[in-house]
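Peer 1: A structural model of the following input is requested.
(2 chains)
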Amino acid sequence: MQKVISETKKAFMTGNETAAWAALAAGAEVMYGYPITPQNEIMHYWTRLAPKYDRKFLQTEDELSAGFTTSGAVQAGVKAFTATAGPGNVLMQEPFGMAEAMRLPLLAIIQQRGGPSSGTVIYSQQEVTLTTYGGNGEGHRIVYSTATHQELYDYIIKGFNTAWKYRFPTFVLGDGYQAKMREPLEIYDPEERGIEMVKTYPLIGREGHIGENREPQHLCNIYSLEEELYDVVMKTSAEYEKISPEIVEYDENLCQDADVLIVTHGVVSRAADDAVKALRAQGIKASYFRPITLRPFPAKQLREAIAKSGAKKMLIAESAYGQLDRLTKQEIYGETIVIDHLFMPGVGIVDHDIITKVKSML
Amino acid sequence: MSLIKIALAGEGGQGVQSVAEILAEAAYNENKQTIYIPNFGLEQRGGVSIAFIQVGDTRIGAPKFNKADVVIALSERAVGRTAHYSDKNTLYVYDSGFSPAAEDFPQEAKQIIGIPAIDTANNELHPRVFNIIIMGAVIGLTNVVTFEAAKQALEHKLGHKFEKNPDLRELNYKALEIGKKMAEDSLQQEGVSHIG
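Peer 2: Residues are numbered from 1 along each chain as shown, chains lettered A, B, ... in the order given. This next block holds a predicted model:
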């Protein structure tokens, strides 16, 4: 495959453009998609760039179809991805559920917009529940929540590898702000950075003969017997739990000694990071914890941060009405830290909002 | 330089997003930290369009902000829409060709200044370079980018058009200069210092 980026380059571009470049650099072979704001330009840039590098694109009739065609391509061993947002993300949960059932290594980029329903075309963090647990199953999927264009680039590359190494559907969760804003980043060839791209492989139609020199591939999303399904879900759950410690990622700052621990994810963590610095400068011992993987959640690390910081209070801030809050609480069940929240559904959060809230808590 | 936050607002089609994009690119080319995010909605045409630009020396946090250092409102409706981005530290600039209702103006501002951008474009240059006059005004009001960097970014963005019609290059550069001077004169008249 032709190299896309010969040497590391500085770039100043939108998040959607970043996503298209990252998928190219990761060696994605095809994108299936259906337009929806604010992710449209991922498709636009991909369709502009893909032909130059012998990659493919198909605009399907809707998001259901985009999700299923992506699911089909990865079964044939093709590195495929899709991107969507809002109501499109709702529709794609059906194919994503199938991808969980059949352990399909697809990658989906989600740029959250306001909800419910068509909501706004702008921004939110209201697709957390949907993206982590949106299927009719147990949430056997991997979700990275990015905060910067550099991370969008890095985690899309990493996301393809995670998907193909572990065979769980993988999501890169951005938002409308990340999609549309321009900021600097470095784009690079992963191999040049020592990142080995996991080789793709067909899940069906493999070489050899079943029973002679290979095992049968049984990719199934429906079972006749309750017990059959039970066995499969239990096995998948056990595998998911086993690999989770290898996948979990988080970021923390000043958690050694704090009075208040601020938990945020995605683009809001940029404001939280600034808020912590400003609060410290004013003598208020604030600290910062950010799950990068929302699935699997860094529960152990957050519990450790609570313990080592000695913080008596936690603030969960999000551009949604309690989605990160719910996710966090279920993961740290039993902790006695007092949890307060700043819920601003569908609108941005700036450092000032967090600073004011923290001061009101102390 | 400390972080400078600018909100540029106008009618869809006035070109505020292009100006913001060129300014942000110029700042990036000068190795500054910068973020530009458009305010985008459902409308393809019409409606008030706002561009949020931040330029600084250190990594920038949230992409949007509650209060700006400089607000530039380029239509009557844009004044009402952007008043809440102004506080006591904000230089609030509007086009003096409009007379917005008194209650539409911000409650708080360091200074409210009217500049004759639309008149200048129409009478002295050409309506099509109105947005470049505004770009010049931003440079006259703040030091987010140098004049040279702005020219280079303009060349980068519009170079293909300049190739076809070299007069356009002169027209745009002139617009940039006039805008800068217009802003500097306004600051001087009001006795307000340059931002940043």
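
Peer 1: can you pull the contacts of residue 160?
Peer 2: In the absence of a named chain, chain A is used. A:23, A:26, A:27, A:28, A:79, A:81, A:107, A:170, A:197, A:198 (Cβ atoms under 8 Å, 6 or more residues apart in numbering or on different chains). No exception for glycine: its C-beta is placed from N, CA and C like everyone else's.

Peer 1: ah, I was thinking of chain B
Peer 2: So residue B:160 contacts nothing (Cβ under 8 Å, 6+ apart).

Peer 1: show me the helices in chain B, by range?
Peer 2: If DSSP state H is used as the criterion, the helices of chain B fall at B:16-29, B:76-82, B:117-124, B:130-141, B:147-164, B:166-190.

Peer 1: and the last one with helix B:130-141, angle?
Peer 2: If I follow you right, that is helix B:166-190. 40 degrees (axes from the mean of the first three to the mean of the last three Cα atoms, to 10 degrees).

Peer 1: what packs against helix B:166-190?
Peer 2: Judged by 3 or more Cβ pairs under 8 Å, 6 or more residues apart in numbering or on different chains; DSSP states H and E, helix B:166-190 is in contact with strand B:111-115, helix B:117-124, helix B:130-141, helix B:147-164.

Peer 1: so that helix versus helix B:16-29, what angle?
Peer 2: Using the same axes, to 10 degrees: helix B:166-190 against helix B:16-29 is 90 degrees.

Peer 1: show me the contact partners of helix B:166-190.
Peer 2: By Cβ under 8 Å, 6+ apart, the list of residues contacting helix B:166-190 reads B:93, B:111, B:113-117, B:120-121, B:124-126, B:129-130, B:132-141, B:147, B:150-151, B:154-155, B:158, B:161-162, B:193-194.

Peer 1: re earlier: adding distance to residue A:184, write the helices and strands packed on helix B:166-190 out as JSON lines.
Peer 2: As requested, the helices and strands packed on helix B:166-190 are arranged in JSON lines below (distance: least, Cβ to Cβ, whole Å):
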{"stretch": "strand B:111-115", "distance to residue A:184": "31"}
{"stretch": "helix B:117-124", "distance to residue A:184": "30"}
{"stretch": "helix B:130-141", "distance to residue A:184": "20"}
{"stretch": "helix B:147-164", "distance to residue A:184": "15"}
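
Peer 1: burial measure for whichever residue of the stretch 51-200 of chain A sits closest to chain B, as a count.
Peer 2: The nearest approach of the stretch 51-200 of chain A to chain B comes at residue A:181, 3.8 Å away (Cβ to the nearest Cβ). Neighbour count for residue A:181, taken as other Cβ atoms under 10 Å in any protein chain shown: 24.

Peer 1: do I have it right that it meets residue A:17?
Peer 2: No. Here residue A:181 lies out of contact with residue A:17, judged by Cβ atoms under 8 Å, at a distance of 10.9 Å.

Peer 1: okay, the helices of chain B, which one's buried deepest?
Peer 2: Each of the helices of chain B was scored by mean neighbour count; the highest is helix B:130-141, a mean of 27, by mean count of other Cβ atoms under 10 Å in any protein chain shown.

Peer 1: show the average pLDDT along that helix.
Peer 2: Helix B:130-141 carries an average pLDDT of 93.

Peer 1: chain B contacts on chain A?
Peer 2: Applying Cβ under 8 Å from any Cβ of the partner chain, we find that chain A lies next to chain B at A:12, A:37-38, A:120-122, A:177-178, A:180-184, A:267-268, A:270-271, A:273-274, A:348-353.

Peer 1: what do you get if the cut-off is 6 Å, keeping everything else the same?
Peer 2: Within chain A, the positions lying close to chain B (Cβ under 6 Å from any Cβ of the partner chain) are A:12, A:177, A:180-184, A:270-271, A:274, A:348, A:350-352.

Peer 1: show me the residues you listed that map onto strands.
Peer 2: Applying DSSP state E to the residues of chain A next to chain B, the entries found in strands are A:12, A:182, A:183, A:184.

Peer 1: of all those, which comes closest to residue A:228?
Peer 2: residue A:183 (49.4 Å; Cβ to Cβ).

Peer 1: for the closest one, name its beta-bridge partners.
Peer 2: Here residue A:183 shows beta-bridge partners residue A:13, assigned using DSSP bridges.

Peer 1: surely it meets residue A:150?
Peer 2: No. Look at residue A:183 against residue A:150 with Cβ atoms under 6 Å: they stay out of range, at 8.6 Å.

Peer 1: neighbour-wise, which of these two wins?
Peer 2: Counting neighbours by other Cβ under 10 Å for residue A:183 and for residue A:150 shows that residue A:183 has the greater number, 25 against 15.

Peer 1: spatially nearest residue to residue B:139 (excluding sequence neighbours)?
Peer 2: Setting aside the residues directly before and after it, residue B:139 is nearest to residue B:180 in space (Cβ to Cβ, 6 or more residues apart in numbering or on different chains), at 5.1 Å.

Peer 1: what's the pLDDT at the one you found?
Peer 2: Reported pLDDT for residue B:180: 95.

Peer 1: then residue A:2?
Peer 2: For residue A:2, pLDDT reads 80.

Peer 1: can you check the one 5 residues further on too?
Peer 2: Residue A:7 is assigned a pLDDT of 91 by the prediction.

Peer 1: which residue packs closest to it, ignoring adjacent ones?
Peer 2: residue A:192 is the one closest to residue A:7 (Cβ to Cβ, 6+ apart), at 7.3 Å.

Peer 1: surely the one you found is within a helix?
Peer 2: Yes. Checked against DSSP: H, G, I helix; E, B strand; the rest coil, residue A:192 lies within a helix.

Peer 1: could you check how far stretch A:288-305 is from the centre of its chain?
Peer 2: Centroid displacement of stretch A:288-305 relative to its chain, using Cα atoms, centre = their mean, to the nearest Å, is 14 Å.

Peer 1: just the buried residues of that stretch, please?
Peer 2: By 16 or more other Cβ atoms under 10 Å in any protein chain shown, the buried positions in stretch A:288-305 come out as A:288-299, A:301-302, A:305.

Peer 1: what's the first-to-last distance across that stretch?
Peer 2: End-to-end span of stretch A:288-305 (Cα to Cα, to the nearest Å): 9 Å.

Peer 1: what residues does it touch?
Peer 2: With contacts defined as Cβ atoms under 6 Å, 6 or more residues apart in numbering or on different chains, stretch A:288-305 is touched by A:132, A:139, A:141-145, A:244, A:247-253, A:255, A:261-265, A:269, A:272-273, A:276, A:331-332.

Peer 1: just the ones in strands from those, please.
Peer 2: Among the contacts of stretch A:288-305, the members found in strands (DSSP E) are A:142, A:143, A:144, A:145, A:250, A:251, A:252, A:253, A:261, A:262, A:263.

Peer 1: for stretch A:342-353, what is the distance to the chain centroid?
Peer 2: Worked out by Cα atoms, centre = their mean, stretch A:342-353 lies 20 Å from the chain centre.

Peer 1: what comes up buried for it?
Peer 2: Result for stretch A:342-353 [16+ other Cβ under 10 Å]: buried residues A:342, A:343, A:344, A:345, A:346, A:348, A:349, A:350, A:351, A:352, A:353.

Peer 1: can I get the residues you listed in TSV with pLDDT?
Peer 2: Listed next are these as TSV, based on pLDDT from 0 to 100:
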residue	pLDDT
A:342	98
A:343	98
A:344	98
A:345	98
A:346	97
A:348	95
A:349	97
A:350	96
A:351	96
A:352	96
A:353	97
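
Peer 1: how about the helix or strand containing residue A:42: buried residues?
Peer 2: Using DSSP states H and E, residue A:42 sits in helix A:40-49. Of the residues in helix A:40-49, A:40, A:41, A:42, A:43, A:45, A:46, A:47, A:49 count as buried by neighbour count, 16+ other Cβ under 10 Å.
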